[in-house]
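Enquirer: Need coordinates for the below:
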Amino acid sequence: MSRRNRKNAPAAAPCTVTVCRGCCCGTPKIPGVDHAAQLARLRRELTGTDGRVRVTDCIDACEHGNVIVVQPSAEGRAAGGRPVWLGLVNDPDATADIATWIRDGGPGLAEPPGVLDLYAFTPSRRVRQGVDA
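Expert: Residues are numbered from 1 along each chain as shown. Next up, the predicted model:
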């Protein structure tokens, strides 16, 4: 590969944070949560190469709203990382812990802050197939 091609080669895929904003997540059905601030904070804290944030419509795990799925980076997936589904992410501290974990490497490369274990859940295979890559 020439020097020019290496310079223009895309960076390895970062972690992806999928934030559900469907029929329940991100709506007044979950009161007392500043949903816009949660999304803005994730976007602000994950700028650059740390991770990317995408918003999706309902991913059919409404009983766990607000749902956030953290997908590993390419390097994290190669190290064995798999998508982590987090539910009931309804407080700013959880949002901060997610951002910190991703900056540290995310699934496969860094252990999540211990409190995030309380938010983790396993969705049905049908639901997972709609989001997991």
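Enquirer: could I have stretch 90-103 exported to PDB, CA atoms only?
Expert: What follows is stretch 90-103, C-alpha atoms only, in PDB (Å, rounded to 0.1, in the frame of the first residue of the first chain):
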ATOM      1  CA  ASN A  90     -32.700   6.400  33.300                       C
ATOM      2  CA  ASP A  91     -30.200   8.400  35.300                       C
ATOM      3  CA  PRO A  92     -27.300  10.600  34.400                       C
ATOM      4  CA  ASP A  93     -24.700   8.500  36.400                       C
ATOM      5  CA  ALA A  94     -25.500   5.400  34.200                       C
ATOM      6  CA  THR A  95     -25.100   7.600  31.100                       C
ATOM      7  CA  ALA A  96     -21.700   8.800  32.400                       C
ATOM      8  CA  ASP A  97     -20.600   5.200  33.200                       C
ATOM      9  CA  ILE A  98     -21.400   4.100  29.600                       C
ATOM     10  CA  ALA A  99     -19.400   6.900  28.100                       C
ATOM     11  CA  THR A 100     -16.400   6.200  30.400                       C
ATOM     12  CA  TRP A 101     -16.500   2.500  29.500                       C
ATOM     13  CA  ILE A 102     -16.500   3.200  25.800                       C
ATOM     14  CA  ARG A 103     -13.600   5.700  26.200                       C
END
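Enquirer: Next, the buried residues of it.
Expert: Across stretch 90-103, burial judged by 16 or more other Cβ atoms under 10 Å covers Asn90, Ala94, Thr95, Asp97, Ile98, Ala99, Trp101, Ile102. Placement of C-beta: from N, CA and C, glycine included.
Enquirer: same check, this time on stretch 46-64
Expert: Applying 16+ other Cβ under 10 Å to stretch 46-64 flags Leu46, Asp50, Gly51, Arg52, Val53, Cys58, Ile59, Asp60, Ala61, Cys62, His64 as buried.
Enquirer: Now do it: distance from first to last residue.
Expert: This stretch, stretch 46-64, spans 23 Å end to end (Cα to Cα, to the nearest Å).
Enquirer: for stretch 81-94, same thing?
Expert: Terminal residues of stretch 81-94 lie 20 Å apart, using Cα to Cα.
Enquirer: which residues touch it?
Expert: With contact meaning Cβ atoms under 8 Å, 6 or more residues apart in numbering, stretch 81-94 is reached by 30, 32-33, 37-38, 41, 61, 63-73, 95, 98, 106-109, 112, 115-116, 119-123, 128, 131-133.
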